[in-house]
Every structure is written in structure tokens, then in C-alpha cells.
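Undergrad: kindly generate the corresponding structure for this input.
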Amino acid sequence: MKSCLLLIDVQESFRHRPYFRAEALPAYLEKQNALIAACQQAGVPIVRILHSDGPAVPGNPFAMESGHVRPMEGLAAVEPAATFVKRRHSALVGTGLDVWLTQNNIGRLIVSGIRTEQCCETTTRHASDLGWQVDFVTEATHSFDMQHEDGSPLTVAMLQARTAAVLKDRFARICTVAQVADRLVTEAQ
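TA: Numbering: from 1, shown residues only. Below you'll find the model as predicted:
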């Protein structure tokens, strides 16, 4: 089965949000870049998804006019097979990604990017419902701390654990970067 790596919203816009914390970024980028390297080595096409919405003004970091809707610094160099700009949480809504995947006989999506519980999780659920098999690489996703309704902390680790639990065996196979790399090597033999 032909696979495709989705790089979802790994873009500079996040650095300009008040919730952004730089300290966790290097660990995430290390895993993300390792996944990219494994896919490049296996000849797996890489699709870049960028997110743009809100007012079309330079002060909105998710507006094209801001100049921040571009790959995040520190992300490995990628020559994407295709690039799509989305305006919704799912990368499959209104982008044409579904058509591209079908035309390229892609049966399995490898999901990575930012934010774990938002666009990555939503795209995973949507793709699964449309019939694609999905490998969700939790460690190659990133997010930001939030709060529960009662004000108690909801850390990135908690968000990632929750997302993995609700997706596992229902919408996706939960994988590490090493597991994806091993599978790609096995499939190439």
C-alpha cells in the first residue's frame, strides 16, 4: 500500500501566538525531522499543509499577509510532492487533498505536525472516515498547554496521551517514528 506523509501546519504562525513556548520545540522538531528523513529515504511522498484563516491583515499570524504562513524554521528541508492551504481544522476540507491522494493511489496517511489534538487529530478522524488507513505519529506532533474548564492544567503530555487513546484502533494506528521507519524499510524489501 502506498503511503504519504502529511506535514500539518508546521509553520511560523505559531511563534506569534501568546501560548507559544519555545522550550518544547527542539524535541518535537527532532522527531518531526527524523520522520521526514525516514520518509525521504523510503521515497514516500511528503505533502505540506499550511493553515490560513482570520482577517487578511499583517497582524494576524495565520493570514498570508503576515508572512508567517510558511514552514517553521528548524524544520528539515522538504521538496513537497504537493502543498495545500487549509482554512478548517481538517486538511481534507476544501483543499483538494482528497483528490490528490486518490489520483496518486495513496492508501495510508502518516500524520504529523501541529497541533496534536486539533488539526492533526481532526484530519486523522476525517481521513479514517473517508477510508484511508492512518498512522498517527504522536511524538512527531506538537501542541501547547491548555486548561480544563475548572482551570486545572492540561499539559501537552496529557493532550498527546488523550489523543493517542481516543484514536488508537478506531481511527489510526499509533506509531513512533522508529516504528514507521521500520515499516517503510520492510515494505521496500
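Undergrad: gap between the residue nearest the centre of the chain and Leu50?
TA: In the chain, the C-alpha nearest the mean C-alpha coordinate belongs to Gly113, at 2.7 Å (C-alpha atoms, centre = their mean). Gly113 sits 10 Å away from Leu50, going by C-beta to C-beta, to the nearest Å. Where you see a C-beta, it was placed from the backbone N, CA and C, and this is true even at glycine.
Undergrad: what is in contact with those two at once?
TA: Asp9 (C-beta atoms under 8 Å, 6 or more residues apart in numbering).
Undergrad: is the residue nearest to the centre of the chain within a helix or a strand, and which one?
TA: In the assignment (DSSP states H and E), Gly113 maps to strand 106-114.
Undergrad: which other helices and strands contact that strand?
TA: strand 2-8, helix 25-42, helix 121-129, strand 133-142 (3 or more C-beta pairs under 8 Å, 6 or more residues apart in numbering; DSSP states H and E).
Undergrad: ok, which of the ones you listed comes nearest Ala164?
TA: When the helices and strands packed on strand 106-114 are compared by C-beta to C-beta, strand 133-142 sits nearest Ala164, at 4.9 Å.
Undergrad: please name every helix or strand in contact with the closest one.
TA: Here strand 133-142 touches helix 25-42, strand 106-114, helix 121-129, helix 156-167, strand 173-175, helix 177-188, going by 3+ C-beta pairs under 8 Å, 6+ apart.
Undergrad: could you list the buried residues of the second one?
TA: Okay, so that is strand 106-114. Residues of strand 106-114 classed as buried by neighbour count (16 or more other C-beta atoms under 10 Å): 106, 108-114.
Undergrad: likewise for the fourth one?
TA: Buried positions in helix 156-167, judged by neighbour count with 16+ other C-beta under 10 Å: 156, 159-160, 163-164, 167.
Undergrad: the third one now?
TA: The neighbour-count check on helix 121-129 (16+ other C-beta under 10 Å) flags 121-128 as buried.
Undergrad: contacts for the lowest-mean-pLDDT helix or strand in the chain?
TA: Within the chain, no helix or strand scores below helix 177-188, which has a mean of 94 by mean pLDDT, DSSP states H and E. Helix 177-188 is contacted from outside by 1, 3, 31, 34-35, 38-39, 41-44, 110, 135, 137, 139-140, 175, using C-beta under 8 Å, 6+ apart.
Undergrad: dump the C-alpha coordinates for it into PDB.
TA: Below are the C-alpha coordinates for helix 177-188, written out as PDB (Å, rounded to 0.1, in the frame of the first residue of the first chain):
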ATOM      1  CA  VAL A 177       9.000   7.400  14.400                       C
ATOM      2  CA  ALA A 178      11.100   4.300  14.600                       C
ATOM      3  CA  GLN A 179       8.000   2.000  14.000                       C
ATOM      4  CA  VAL A 180       7.100   4.000  10.900                       C
ATOM      5  CA  ALA A 181      10.700   3.900   9.700                       C
ATOM      6  CA  ASP A 182      10.900   0.100  10.300                       C
ATOM      7  CA  ARG A 183       7.600  -0.500   8.400                       C
ATOM      8  CA  LEU A 184       8.800   1.600   5.400                       C
ATOM      9  CA  VAL A 185      12.000  -0.400   5.200                       C
ATOM     10  CA  THR A 186      10.100  -3.700   5.400                       C
ATOM     11  CA  GLU A 187       7.600  -2.700   2.700                       C
ATOM     12  CA  ALA A 188      10.500  -1.700   0.400                       C
END
